[in-house]
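Novice: show me how the following folds:
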Amino acid sequence: MPTERQVKSVTHGDYRAYEVEIIPGIESVAIDELRSRYRGDIERLHQTRPGFARFDFRGDPERMRQLRSVVAVYEIHQFDVPRPKALLGHQHFTRLLGILRQIVDGFSHTRPSLGIGAAGSGSAVIRRLKHELAEALGLPISDDGKGELFLRLVRAANRDAWEVLPRLTEQPLSKRPWRAVDVPGALNGTVAFAMTRLGSPKAGERVLNLCAGTATIVIEHAISGQSALSLAIDNSPQMLEAAMLNLQSSRNSAQVQLAQADAVCVPLAAGTVDRLYADLPFGNHIGSHQDNVQMYPKLLREAARVAKAEAEFVLLTHEIVLLRRLLTASDWFIDAERKINLAGLHPRLFVLKRKSNTI
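Specialist: Just a heads-up that it's a prediction; the model follows:
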């Protein structure tokens, strides 16, 4: 049986070491959330490379299920082995089983599937390790390579050891529990949360979500409790039906009003909105570039019409060149922007501000 020392993660006093996976481009949002949520219980928080940050945390790791800006949380366990093959040795394999059993004991899934992520994941050594672990734990191997019990293998910074990083949750945290209906192209929940933190959001603002889709952004905004009421519009009845189901699942339907309307013809009076959001069509799953050439300038004009002086407009788009060209002759200017990485696509998040002298 493994000793208590063997099954512990990397520790520093009362703290254990963790790594979070983040959508590349919103690392600062995640770091800000970690600091604000766990002030006093977190140390040595730093970004290690694009899309990842590490820190030491004390207390119940279940608290990290609350995080909204990260894709997943992993606990760091270091093994003093020169290569992954050594993990199959009796002492290290026994320790690894103890770690994974502790993780599985906290799952609600009765028989989670097992997956391993590693450089050379198709190698004979990794395949053997996966099969031996699955057999010892009595679990099936995941068809998609991840599964509910997912662990990553990475070489340690000192190059003389390897790290095993099991994910603490059965699903990535980016897979929101409130999402009753998903559609192709629906916005990632962690990116939507980041959009609600960009710029200078204030309590009590009147919020408008253009091209709302399945309501991801306004749900993330409503969860923050900053606004009493938001309006989300979309011209698709099917999207609005999905949005309503998601709102009901998130228990935020009272905070968001849905309306079927075109983003270029908003049913609001001029100068009445403090903050706007939009996940604009990329021209991939929804629409085309030619559609965007026609729609984007109209949307920018309509957004400016309903916006108050110095209102903020946080939007996501892949049409970077088109948007930049249109903004030169618009009532908006770019206050901030960030490039993000979404499954190989590289859209940008823009924070636009309404020019106060053009009301």
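
Novice: just the strands in the stretch 51-200 of the chain please.
Specialist: Taking DSSP state E, counting those that start in this stretch to define them, one finds strands in the stretch 51-200 of the chain at 52-57, 72-75, 77-79, 114-118, 149-155, 162-166.

Novice: state the mean pLDDT of whichever strand or helix holds N246.
Specialist: Following DSSP states H and E, the helix or strand that holds N246 is helix 237-250. Here helix 237-250 scores 96 as its mean pLDDT.

Novice: going forward, count from 45.
Specialist: OK, 45 is where the count begins now, so the last one is helix 281-294.

Novice: closest one to L140 among the strands of the stretch 95-244 of the chain?
Specialist: strand 206-210 (6.3 Å; C-beta to C-beta). Using the backbone N, CA and C atoms, a C-beta is placed for each residue, glycine as well.

Novice: what angle do that closest one and strand 193-199 make?
Specialist: 160 degrees (axes from the mean of the first three to the mean of the last three C-alpha atoms, to 10 degrees).

Novice: tell me the angle strand 206-210 makes with strand 158-162.
Specialist: Per the same axes, to 10 degrees, the angle that strand 206-210 makes with strand 158-162 is 140 degrees.

Novice: can you list contacts of strand 206-210?
Specialist: Outside of strand 206-210, the residues within contact range by C-beta atoms under 8 Å, 6 or more residues apart in numbering are 63, 118-123, 125, 127-128, 131, 140, 143-144, 147, 193-200.

Novice: quick check on these: which are buried?
Specialist: Using 16 or more other C-beta atoms under 10 Å as the burial test, the contacts of strand 206-210 include 63, 118-123, 125, 128, 131, 140, 143-144, 147, 193-198 as buried.

Novice: coming back round to it: looking at the strands of the stretch 95-244 of the chain, spot the one closest to V308.
Specialist: Closest approach to V308 among the strands of the stretch 95-244 of the chain (C-beta to C-beta): strand 116-119, 38.1 Å.

Novice: and the helix holding N290, what's buried?
Specialist: For helix 281-294, burial by neighbour count (16+ other C-beta under 10 Å) applies to 283-284, 286-291, 293-294.

Novice: for I277, helix, strand, or coil?
Specialist: Per DSSP: H, G, I helix; E, B strand; the rest coil, the secondary structure class of I277 is strand.

Novice: quick check: the gap between the residue nearest to it when sequence neighbours are not counted and N279.
Specialist: Leaving aside its chain neighbours, I277 sits nearest to A305 (4.4 Å; criterion: C-beta to C-beta, 6 or more residues apart in numbering). Using C-beta to C-beta, to the nearest Å, we find A305 at a distance of 7 Å from N279.

Novice: ok, L111 next?
Specialist: Using C-beta to C-beta, we find L111 at a distance of 34 Å from N279.

Novice: before we move on, back to that, of A305 and N279, give the one with the bigger neighbour count.
Specialist: The residue with more neighbours, out of A305 and N279, is A305; 18 against 15, by other C-beta atoms under 10 Å.

Novice: which elements pack onto the longest helix seen in the chain?
Specialist: Longest helix of the chain, by residue count under DSSP state H: helix 333-350. If you count contacts as 3 or more C-beta pairs under 8 Å, 6 or more residues apart in numbering; DSSP states H and E, helix 333-350 packs onto strand 251-254, strand 317-323, helix 364-371, strand 376-383.

Novice: list the buried ones in that helix?
Specialist: Across helix 333-350, burial judged by 16+ other C-beta under 10 Å covers 336, 339-341, 343-344, 346-350.

Novice: and if you look at stretch 108-117?
Specialist: Within stretch 108-117, the residues that qualify as buried by neighbour count (16+ other C-beta under 10 Å) are 108, 111-117.

Novice: now, among these, which is nearest to V251?
Specialist: Distance to V251 across these (C-beta to C-beta) is lowest for R112, with 17.4 Å.

Novice: any idea of the pLDDT on that closest one?
Specialist: In the predicted model, R112 carries a pLDDT score of 97.

Novice: was I right to think it contacts T260?
Specialist: No: applying C-beta atoms under 8 Å, one finds R112 not in contact with T260, separated by 11.7 Å.

Novice: anything in contact with each of those two?
Specialist: Common neighbours of R112 and T260 (C-beta under 8 Å, 6+ apart) are G233.

Novice: sketch out the low-pLDDT regions of the stretch 195-344 of the chain for me.
Specialist: Across the stretch 195-344 of the chain, the ranges flagged by pLDDT under 70 are 326-331.

Novice: spatially nearest residue to the residue nearest the centre of the chain, not counting backbone neighbours?
Specialist: Nearest residue to the geometric centre of the chain (C-alpha atoms, centre = their mean): T234, 2.4 Å. The shortest distance from T234 to any non-neighbouring residue, by C-beta to C-beta, 6+ apart, is to S218 (4.6 Å).

Novice: run a quick neighbour tally on that neighbour.
Specialist: Neighbours of S218 (other C-beta under 10 Å): 20.

Novice: quick check, it in contact with G233.
Specialist: Yes: the pair S218 / G233 is scored as a contact, 5.4 Å apart, by C-beta under 8 Å.

Novice: identify the contacts common to those two.
Specialist: Contacts common to S218 and G233, judged by C-beta under 8 Å, 6+ apart, are absent.

Novice: residues contacting R223?
Specialist: Contacts for R223 (C-beta under 8 Å, 6+ apart) come out as 230, 233, 258, 260, 290, 293.
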